[in-house]
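# model this:
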Amino acid sequence: MPVQHVLLDADGVIQGVSPRGEQIARARLGDRLMPVLEDFWVAEQAALVGEADVVDVLAEALGRHDLGHLDVAELYERVWLDNSVDAQSIRLVHRLREAGYSVHLGTNQTARRAAHMRQDLGYDDLFEVGVYSCEIGVAKPDPRYFERSVELIDAPADSVLFVDDRADNVEAARSVGLAGVHWHLKEGHAALLERLAEHGVAVA
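Below you'll find the model as predicted:
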């Protein structure tokens, strides 16, 4: 079936952490930045499926690295909610819609960040369907995430093309019948357009 729907990942495809947020993280965490982040990324999984508050998870990770004195809520807001939205990616969303494709968001997010993206970044208006892991109780690369995605989009799996910056997520999408494109912002949008065209997706 021809592609009729494009499901886009958020981080690494539509947005990233801003340089300002990275600077704050480095200033606050110093040489413990990477150990804290690696610890947090593992522990964050519960928050990504709606089973924990991400600020509590971050507080616990900081405490394990003797950084429990930091203002966790303020740090989370200034680093994790300071997103750099890519203007070219946003333009591509509009171009896809103008070309007749339905465009959706498929992302692993905690409840706090999902609310920020929906309300403050305006993603509810930009995308027809937003599939946030914290709201459906399952995260990529679990194939059930993509099964639920096509249910919410209300379309056959083979009519949906998924774009993500992680190869394991793309493979999981393919395993349940979606088309998949592996791409990261750093590769440039010309590369993305070429990969979309390989699946018959063309924009003006």
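# If you count neighbours, what's buried in stretch 27-46?
By 16 or more other CB atoms under 10 Å, the buried positions in stretch 27-46 come out as 28-29, 36, 39-40, 43-44. C-beta here means a position set from N, CA and C on the backbone, and glycine is covered the same way.
# Also stretch 48-62?
48-50, 52, 54-55, 57-59, 61-62.
# Show me how far the least confident helix or strand in the chain by mean pLDDT is from its chain's centre.
The helix or strand of the chain with the poorest confidence is strand 15-17; it has a mean of 88 (mean pLDDT, DSSP states H and E). Centroid separation between strand 15-17 and its chain, computed with CA atoms, centre = their mean, to the nearest Å, is 9 Å.
# Determine the set of other helices and strands touching the helix or strand following it.
For strand 15-17, the following helix or strand on the C-terminal side (DSSP states H and E) is helix 19-29. Judged by 3 or more CB pairs under 8 Å, 6 or more residues apart in numbering; DSSP states H and E, helix 19-29 is in contact with helix 33-43, helix 72-80.
# okay, now residue 115: neighbour count?
When neighbours are counted by other CB atoms under 10 Å, residue 115 registers 14.
# State the helix or strand in which it lies.
helix 111-119.
# That helix to helix 72-80, inter-axis angle?
On the basis of axes from the mean of the first three to the mean of the last three CA atoms, to 10 degrees, helix 111-119 is oriented at 50 degrees to helix 72-80.
# outside of helix 111-119, which residues touch it?
10, 47, 50, 53-55, 76, 80-81, 83, 107, 109, 123-124, 130, 132, 134-135 (CB atoms under 8 Å, 6 or more residues apart in numbering).
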